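> give me coordinates for this.
(2 chains, ligands or ions: 2)
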Amino acid sequence: MLGPNGAGKTTTVEILECLRSMTSGEARVLGLDVMKKAREIKYKIGVLPQDFNAFDLLTVKENIQFFGSMYDRMLDPMDLIKVMDLQEKADEYFKNLSGGLKQRVGVAIAMVNDPEIIFLDEPTTGLDPKARREVWKVIEELKKKGKTVILTTHYMEEAEILSDRVGIIDRGRFLALGSPREIIDEHGSGSHCIIANADAKCLNVLKERWPDHEIRNGNFIIPLRDKDNLVEIIYALDGSGGNYEQIQVTRPTLEDVFLRLTGRKLAEGGDTENAE
Amino acid sequence: MPNRILSTLISSVKMFYRSKSSVFWTIAFPVILILIFGAIFSGGNGGKYNIHIQDLSDSQMSHKFIEALNQSEVINVIDVGKDVNISEYIRENSPTAVLIIPSNFDSAFIPGATNNTTQLKLMIDPTSTSANVITSIVISVSDHFNLAIAQGGEIITLKRTDIASEQFNFIDFFLPGIIALTTMTTTIFWTVDIQSRYRENGIFKKLMTTPLTRMEWLATQILWQLVVVFISIATILVVGIALYDVELTLDPIAILIIISSSALFSSMGMILARFIKEPETAGTAANAITFPMMFLSGTFFPLETMPEYLRAVAQVLPLTYVSDGLRDAMVYNNIVGATNSLVVVVILAMIFFLIGVAVSRWKVE
Ligand SMILES: Nc1ncnc2c1ncn2[C@@H]1O[C@H](COP(=O)(O)OP(=O)(O)OP(=O)(O)O)[C@@H](O)[C@H]1O
Ligand SMILES: [Mg+2]
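Ligands and ions are numbered 1, 2, ... in the order given. Next up, the predicted model:
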């Protein structure tokens, strides 16, 4: 679930996790009604809440053990610690861990009951780029194990890299749903060719040939309808006898999709920066 | 389900001994209380009343009189020198009671000199609580002497003993109050602290995602509080026995009262924490509840000394029944009184627990 701050991501997943009552509508998890089968659902899901915290004065292993004991059966905490690459920290108090490590413990705890669905609510928010990549690795591992992971994020890059299916959410509504490719194909504006700092000779030729162009910050932008376009552009530039600094092809991103759908940017500050 | 409760308890134990501050408060608070009470009641003259005597007569008879006062076992005589200016003495020492034995004291006892009278001068601070006691003791000793002179045989003699059996010393009477108080403060503060902290830092939310139920959580918390309370009480008894020869033991009724009262106060803490969201404010609110109870429940001051309307207030404070019940059970051996208090505490505990369950939410709001 990709959406900006306040889009309703947490609200939605908390309804699915049976933590929050919905005001209207209906929701089912694994075919079970969240209003009537909350307990049954809780046995089958694993949750990493937003702003996750565990017991400060229990060690990593003890925390996993504790939350595991809430279920009828649990995975071996040491196995989980190995999967999460936390061996060195197994006997460290939770309060002494860094943010990235805490999130990894949180994911380990979310897996402790061997759930069918794992909910991860903004697992990488507030982490530095290195820690984020560590968490991504863990999520890919979950995918490989065949787990269904429901991840919320406001990082476009994260959604694009990790997900098989993305739902773009804004103001409590899904705006688009599908694989990142499908969404971009459906809602994106297609690829563009960008020619930077072309001189007058080039521009004259280009303007005439591609009337649907756009000029932004000295960049000449041409929408690419099909692959042959690019070859034509290069020929035209070559034939014009003029100069240009750079030629570049860009694919649309989920960010573009969001901008097109809402008229707003997804997260101020780009993808690797902290959006807080 | 017992698995969940057991594992929560085990985790609580681990977190408890790893947290220096919780160990400190669980053990230090009751120790401080008992040291204060011990210092007040067993140190110095052992609960006697001071009377300052200037013996101007300094005769055999006046010495006998002072001796008689001393023998009452409640009076501690402080000798004011013969040549001291008494009004200056009073200004400097602020005594509660000053007795002046006139110089003609012994002449009154010369046989045959029937017309001779002598007047003792007792100066007393009327605002002092001990004024009445001292006055009546001096009067009774004087009467005794009067009778002796009149050749009347001694008809009434008085020996003072304390209510309840004699083997107890003063601090024994306060110990049940200290235990009641500790039970209340420990459970209310712990519960409020844990509930509001876990809500604030998100641990509650994580717990809610597991199959742990609200009932299981509340029950575990109450069980755990009980453990903490018994640690505190054991500390009180050990210190009391070691330092002040406390003779009390916990009988079954006292133990039942402690168990039900810690459930009662834990539930109160739950309710409090439910309505007060910020951990900081929650502590203040806990103070606001425990503080009046501390003073109005007969824990420190006997209810009999309070004005009527305060006694009425005490009747509705749960701590009153806990203190009373424990005192009845541990000191007076009053099984009926203790059982009555126990019943009240058990009923209150059930009511508060049910309210606690009813108002607590196991959902995000
Ligand atoms: N479907 C909805 N209808 C109406 N209000 C909603 C809906 N979904 C969410 N809200 C409201 O929007 C607010 C923000 O929601 P929420 O906390 O779920 O956002 P979020 O996407 O998780 O944001 P963040 O990225 O900051 O965590 C909340 O006050 C919530 O009540
Ligand atoms: Mg959120």
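> when you work out contacts or count neighbours from here on, use the C-alpha atoms and nothing else.
Fine.
> tell me where the model's unsure across the chain.
Went with chain A since none was named. A:267-276 (pLDDT under 70).
> try chain B instead
Using pLDDT under 70, chain B drops low at B:1-2, B:41-47, B:72-73, B:110-116, B:129, B:149-170, B:301.
> what ranges do the helices span in it?
B:2-18, B:20-42, B:60-71, B:86-93, B:131-149, B:170-201, B:203-208, B:214-244, B:252-275, B:279-296, B:308-316, B:318-327, B:335-359 (DSSP state H).
> tabulate those in TSV, adding columns for mean neighbour count and distance to A:Y43.
Shown next, in TSV, are the helices of chain B (neighbours: other Cα atoms under 10 Å in any protein chain shown; distance: least, Cα to Cα, whole Å):
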stretch	mean neighbour count	distance to A:Y43
helix B:2-18	16	14
helix B:20-42	17	34
helix B:60-71	15	77
helix B:86-93	11	76
helix B:131-149	15	72
helix B:170-201	23	22
helix B:203-208	21	12
helix B:214-244	19	16
helix B:252-275	24	27
helix B:279-296	17	31
helix B:308-316	14	45
helix B:318-327	27	41
helix B:335-359	18	23
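> distance to A:L237 for these - can I get that in a markdown table?
Listed next are those as a markdown table, based on distance: least, Cα to Cα, whole Å:
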| stretch | distance to A:L237 |
| --- | --- |
| helix B:2-18 | 72 |
| helix B:20-42 | 75 |
| helix B:60-71 | 123 |
| helix B:86-93 | 111 |
| helix B:131-149 | 115 |
| helix B:170-201 | 61 |
| helix B:203-208 | 60 |
| helix B:214-244 | 72 |
| helix B:252-275 | 72 |
| helix B:279-296 | 68 |
| helix B:308-316 | 94 |
| helix B:318-327 | 91 |
| helix B:335-359 | 74 |
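> closest to A:V29 out of those?
Closest of the helices of chain B to A:V29 is helix B:203-208, at 16.7 Å (criterion: Cα to Cα).
> is any part of the closest one close to chain A?
Yes: using Cα under 8 Å from any Cα of the partner chain, we find that helix B:203-208 touches chain A at B:I203, B:K205, B:K206, B:L207, B:M208.
> and that helix, how far out from the chain middle?
Here helix B:203-208 is found 40 Å from its chain centre; the criterion is Cα atoms, centre = their mean, to the nearest Å.
> what does it rub up against?
With contact meaning Cα atoms under 8 Å, 6 or more residues apart in numbering or on different chains, helix B:203-208 is reached by A:19, A:47-49, A:52-55, A:67, B:198-199, B:362-364.
> I'd like to know which of the residues you listed are buried.
For those, a burial check counting by 16 or more other Cα atoms under 10 Å in any protein chain shown picks out A:19, A:47-49, A:52-55, A:67, B:198-199, B:362-363.
> just those residues: which are in strands?
If you go by DSSP state E, the buried ones among the contacts of helix B:203-208 have A:V47, A:L48 in strands.
> ok, B:F16 - contacts?
B:S22, B:V23.
> which residue packs closest to whatever residue of the stretch 51-200 of chain B ends up closest to chain A, ignoring adjacent ones?
Nearest to chain A in the stretch 51-200 of chain B, going by Cα to the nearest Cα, is B:Y198, at a distance of 9.1 Å. Distances taken as Cα to Cα, 6 or more residues apart in numbering or on different chains place B:F204 nearest to B:Y198, at 5.4 Å, with adjacent residues excluded.
> what's the end-to-end length of stretch A:10-28?
End-to-end distance of stretch A:10-28: 16 Å, with Cα to Cα, to the nearest Å as the criterion.
> which residues touch it?
A:29, A:33-35, A:38, A:41-42, A:45, A:47, A:50, A:119, A:121, A:152, B:205, B:208-209, B:362-365.
> make it 6 Å
Applying Cα atoms under 6 Å, 6 or more residues apart in numbering or on different chains, the external contacts of stretch A:10-28 come out as A:V34, A:A38, B:K363, B:V364.
> the first one and B:K205, how far apart?
Spelled out, that is A:V34. 17 Å.
> confirm that A:D91 sits in a helix.
No: per DSSP: H, G, I helix; E, B strand; the rest coil, A:D91 lies outside any helix segment and is coil.
> the closest residue in space to it that isn't next to it in sequence: neighbour count?
Spatial nearest neighbour of A:D91, chain neighbours left out: A:T59 (5.2 Å); criterion: Cα to Cα, 6+ apart. Residues near A:T59, counting by other Cα atoms under 10 Å in any protein chain shown, number 21.
> do I have it right that A:T59 meets A:F94?
Yes: using Cα atoms under 6 Å, A:T59 is in contact with A:F94, at 5.4 Å.
> what's the single longest helix in chain A?
When chain A is parsed with DSSP H, its longest helix is helix A:129-144.
> list the contacts of A:L177.
Applying Cα under 6 Å, 6+ apart, the residues contacting A:L177 are A:V166, A:G167.
> in three-state terms, how would it be classified?
strand.
> same deal with A:I118?
strand.
> closest point of the stretch 101-250 of chain A to ligand 1, which residue?
A:G172 (3.7 Å; Cα to the nearest ligand atom).
> what do you get for chain B?
Closest point on chain B to ligand 1, by Cα to the nearest ligand atom, is B:E365, at 9.3 Å.
> what strand or helix carries the residue minimising distance to the centre of chain A?
For chain A, the residue nearest the mean C-alpha position is A:A159 (2.3 Å; Cα atoms, centre = their mean). Element membership of A:A159 [criterion: DSSP states H and E] is helix A:156-162.
> elements contacting the following helix or strand past that helix?
Moving toward the C-terminus from helix A:156-162, the next helix or strand (DSSP H and E) is strand A:166-170. Applying 3 or more Cα pairs under 6 Å, 6 or more residues apart in numbering or on different chains; DSSP states H and E, we find strand A:166-170 packed against strand A:173-178.
> now B:I124. Nearest residue, chain neighbours left out?
B:A97 (4.4 Å).
> sorry, that was for A:L75
A:V112 (5.4 Å).
> ok, now B:A273?
B:V192 (5.1 Å).
> again, but for A:H192
In this structure, A:H192 finds its nearest non-sequential neighbour in A:P223, 4.4 Å apart by Cα to Cα, 6+ apart.
> mind checking how far B:Y17 is from B:F24?
B:Y17 sits at a distance of 10 Å from B:F24 (criterion: Cα to Cα).
> tell me the domain ranges of the chain?
Assuming you mean chain A. A:9-184, A:191-250 (automatic domain parsing).
> ah, no, chain B please
B:2-42+B:166-359, B:49-149.
> now the ones you listed as TSV including distance to ligand 1?
Converted to TSV, those look like this (distance: least, Cα to the nearest ligand atom, whole Å):
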stretch	distance to ligand 1
domain B:2-42+B:166-359	14
domain B:49-149	62
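> how about CSV for those domains, with distance to A:V13 added?
Output for those, formatted as CSV (distance: least, Cα to Cα, whole Å):
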stretch, distance to A:V13
domain B:2-42+B:166-359, 11
domain B:49-149, 68
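> got the residues of chain B near chain A?
B:R4, B:M15, B:G202, B:I203, B:T210, B:P211, B:K363, B:V364 (Cα under 6 Å from any Cα of the partner chain).
> ok, the closest residue to the second one other than its chain neighbours to A:A200 distance?
This points to B:M15. Closest residue in space to B:M15, ignoring its immediate chain neighbours: A:L57 at 5.4 Å, by Cα to Cα, 6+ apart. From A:L57 over to A:A200 the distance is 69 Å, taken as Cα to Cα.
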